[in-house]
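In: dropping the sequence and predicted coords here.
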Amino acid sequence: LIDDLKAYNLCRTPFADGHADGLTWWESLAVSANRHPLKPLATTLLSIVPHAANVERLFSDMGGT
């Protein structure tokens, strides 16, 4: 993982040539997840959908629109 992070940070193969959508880029990257553990870590982190459901529910309960 450390070697992958260093290579990614320096834009070295196989992590060169980025893509606007990070999740799509990582998913389409033609490397083995076993050989490059940064790939599954990145796809997992980029798959997390941030939301504020609790805050939105509170706002709604208080009569907000």
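Out: Great, that's in hand. Residues are numbered from 1 along each chain as shown.
In: from Leu58, how far out is the residue nearest the centre of the chain?
Out: Central residue of the chain (C-alpha atoms, centre = their mean): Leu46, 2.2 Å from the mean position. Note on Leu46: its distance to Leu58, by C-beta to C-beta, to the nearest Å, is 28 Å. No exception for glycine: its C-beta is placed from N, CA and C like everyone else's.
In: which SS state does the residue in the chain sticking out farthest from the centre fall under?
Out: When distances are taken from the C-alpha mean of the chain, Gly63 lies farthest, 35.1 Å away, according to C-alpha atoms, centre = their mean. Using DSSP: H, G, I helix; E, B strand; the rest coil, the secondary structure recorded for Gly63 is coil.
In: name the element the closest residue to His36 other than its chain neighbours belongs to?
Out: Nearest non-adjacent residue to His36, counting by C-beta to C-beta, 6 or more residues apart in numbering: Asp4, 5.2 Å away. Using DSSP states H and E, the element containing Asp4 is helix 2-9.
In: what is the helix or strand that that helix is followed by packed up against?
Out: Using DSSP H and E, the helix or strand that follows helix 2-9 towards the C-terminus is helix 22-28. If you count contacts as 3 or more C-beta pairs under 8 Å, 6 or more residues apart in numbering; DSSP states H and E, helix 22-28 packs onto helix 38-47.
In: which residues does Thr13 contact?
Out: Ala7 (C-beta atoms under 8 Å, 6 or more residues apart in numbering).
In: what about the protein, any weak spots by pLDDT?
Out: 18-20, 52, 64-65 (pLDDT under 70).
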